[in-house]
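Enquirer: Quick check, what structure comes out for this input:
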Amino acid sequence: MCGICGLFDASGQGLSHAALLRRMAGTLAHRGPDNDGFQEFSHCMLGHRRLKIIDLSPLGRQPMCNEDGSVWISFNGEIYNYQELRPDLERHGHRFRSQTDTEVMLHLYEEEGDTFLERLNGMFALALWDQRRTRLLLARDRFGKKPIYYWTDGRRLLFASELKALLADPAVPRDLNLDALSAYLALCYIPSPHTIFKNIYKLPPASKLVVERGADGRVRLTGPERYWTIRYQPDPALAGEKGEQETVERIRALLRDAVRIRMYSDVPLGAFLSGGLDSSTVVSAMAAVSDKPVQTFSIGFDVESFDEVPYAEEIARQFRTNHHTFRCTPDALEVLPTLVHHFDEPFADPSSVPTYYVSKIARQHVTVALSGDGGDEIFAGYTRYDNGMQRRQLARYLPESLIRGAFRLATELYPTASRGWGILHRNSLAPLDSYVADVSVFHPQEMRRLYAARLSGQATDVFALARRLAGESGARTNGRGAAGEFLSQMQYVDQMLYLPDDILVKVDRASMAVSLETRAPLLDYRLAELLARVPAETRYRDSTKKYLLKKAVAGILPAHIVHRKKMGFGVPLKHWFRREAADFAREVLLSSAARNRGLFETSEVERLLAVHSQGRRDFSNKLWALLFFEMWCRHWLDGSPAGPPATPQTAAVPVTP
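Expert: Here you go, the predicted structure:
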């Protein structure tokens, strides 16, 4: 796990940017605290910060080159199947100096060109410089676990693992992208390829971007272009009782292998353990293949309905792990300035708080941690899938126009029951739009009330974005009778939107802030491809979320763990904003700095605070989104901080050593 950065200069004056390259790499020191490295050419410069995981010797340093120095790479991530790829390359005459996965990629590129990306099973963001062709290749892994940001003015292109590295160049403007802000208010994150700043972009997952010098002497971009995607096209052979049993057996085998190859490490390794189905599945597989106790780490809360510690401790006892439990208190909000610095963009998933703390605690014992991320998206585990399937099933018996009309009429007759964009209003929408409404924080009407008058027409249509993605899924709805394929559309939207731009961003930034590598076995692309071929009625049999995963771990995990109600990795913001954190939120959101930005109506912010504090409605997610954004403005717009603020030490309290 590392940090990468660099630039391409079409004028051939790349060597003049050596000082800039080192400043960029310096902002990424937390991603790679062990050492740095630089390689300079007339048109391209590569920078690297290293966190030693595989081959701890100097031979593992980057940027790394092939035998004759014609191809160089700066790489962030891990390739889990590198040991399987290497023997074939050796048979083709390639000579290896190190034991790294990085060197395997160099030789694989020599053999296969850009299509080598399709052979990789791992998480990665890479910059590969082909000196003979004067060509830079940027690429990300299939699900987008590792990030790449880039900016170009036509003469130069800068890229890096984090946005802050690009801002190390004073020439990169910090112009607020209002469309991205609207998307953030709706979703609490900013979808790729856009960022909070105009003209700075994120390379989308499973994509490559080729950078060259055009005939006009300027930067020429080819892409971004996808090299892989999921297609939900059910295989009839996987239907029925026989197909289900075959699928369950294949899931068990793939789970074991996905965990096994993610345990390659030359440094201490452990796992996050919440006590939920996903993390418990990963820990059980780790215990099965490990010859020593697994190190596991959990975070608890002072509000019982959010606390999963008893379940985590039960799993830890069953699999005899060395377990470490910590509790997160309202003082945890003191970490907000640290999160703002490391996330670079507004990001309002409140579970980033416990994710940061569990990463911080884990880093005291291990350098690598496996997680259960991806289980909900791959195996259909979200409660919102229940809601969407129920709406779609209803459409099998009644015309959607009649359903929407009935809900609209109910909304007009009982406006207080509708609660704006509440249940009645959401159900008056088409099924996919209603699904998007379920996951949105600020809905269009609410956004119009929130924005200042001069911005009242500003809103990003996240509904259109979801509809476009659903159309790419390969799932065919075939009219009213295809409720099952609507599940495929919802899963695909989550896999292309929520997973890469929320879940994986959260885990990457929070863990890398403390120099911890995280690996997600449930996001092995082989599992994703298998499940996409399974008919939806088998993935979601008897309205059971994660039906196939539960079948696969039956008898391995306790039944009450397998079937208990999903809790998620939430934070008791509702309680905190009504008690300990109420004054803090009011002070920040109603400050003169916030008012003077002229973006939001102060009266609407005051209303949200008042209604929430009185207990009449739960506006905690809205308040958290506004709070994070205002803190982000202070950090990234009002000043130019050289580094992160001090990290609080009191918010996560150890319970067991």
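Enquirer: Just the helices from the stretch 201-350 of the chain, written as ranges.
Expert: According to DSSP state H, counting those that start in this stretch, the stretch 201-350 of the chain carries its helices in the segments 240-261, 277-289, 309-318, 336-343.
Enquirer: right, and those helices - which one's nearest A271?
Expert: helix 277-289 (5.2 Å; C-beta to C-beta). (Each C-beta comes from the backbone N, C-alpha and C, glycine too.)
Enquirer: For D501, find the nearest of the helices of the stretch 201-350 of the chain.
Expert: helix 336-343 (11.8 Å).
Enquirer: Which strands and helices lie in contact with that closest one?
Expert: With contacts defined as 3 or more C-beta pairs under 8 Å, 6 or more residues apart in numbering; DSSP states H and E, helix 336-343 has these neighbours: helix 352-363, helix 504-512, helix 620-636.
Enquirer: Turn the ones you listed into JSON lines, columns for distance to A285, mean pLDDT and mean neighbour count.
Expert: Shown next, in JSON lines, are the helices and strands packed on helix 336-343 (distance: least, C-beta to C-beta, whole Å; pLDDT from 0 to 100; neighbours: other C-beta atoms under 10 Å):
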{"stretch": "helix 352-363", "distance to A285": "18", "mean pLDDT": "93", "mean neighbour count": "24"}
{"stretch": "helix 504-512", "distance to A285": "19", "mean pLDDT": "97", "mean neighbour count": "25"}
{"stretch": "helix 620-636", "distance to A285": "34", "mean pLDDT": "96", "mean neighbour count": "22"}
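Enquirer: Adding distance to T115, write these out as CSV.
Expert: Conversion of the helices and strands packed on helix 336-343 to CSV gives the following (distance: least, C-beta to C-beta, whole Å):
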stretch, distance to T115
helix 352-363, 35
helix 504-512, 24
helix 620-636, 38
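Enquirer: Quick one, which of the ones you listed gets closest to F319.
Expert: Shortest distance between F319 and these, using C-beta to C-beta, is found for helix 352-363: 17.0 Å.
Enquirer: outside of the very next helix or strand once past the closest one, which residues touch it?
Expert: On the C-terminal side of helix 352-363, the nearest following helix or strand under DSSP states H and E is strand 368-370. Contact with strand 368-370 is made by 1, 53, 259, 262-263, 265, 267-272, 282, 286, 297, 359, 362, 511, 516-521, as judged by C-beta atoms under 8 Å, 6 or more residues apart in numbering.
Enquirer: List buried members of those residues by neighbour count.
Expert: Of the members of the contacts of strand 368-370, the ones counted as buried by neighbours, 16 or more other C-beta atoms under 10 Å, are 1, 53, 259, 262-263, 269-272, 282, 286, 297, 359, 362, 511, 516-521.
Enquirer: check which helix or strand covers the closest residue to F96 other than its chain neighbours.
Expert: In this structure, F96 finds its nearest non-sequential neighbour in E103, 5.6 Å apart by C-beta to C-beta, 6 or more residues apart in numbering. If you go by DSSP H and E, E103 is part of helix 101-112.
Enquirer: Please point out which parts of that helix sit buried.
Expert: Residues D101, T102, E103, V104, M105, L106, H107, L108, Y109, E110 are the ones in helix 101-112 that count as buried (16+ other C-beta under 10 Å).
Enquirer: next one: stretch 43-62
Expert: Residues of stretch 43-62 classed as buried: 43-55, 60-62 (neighbour count, 16+ other C-beta under 10 Å).
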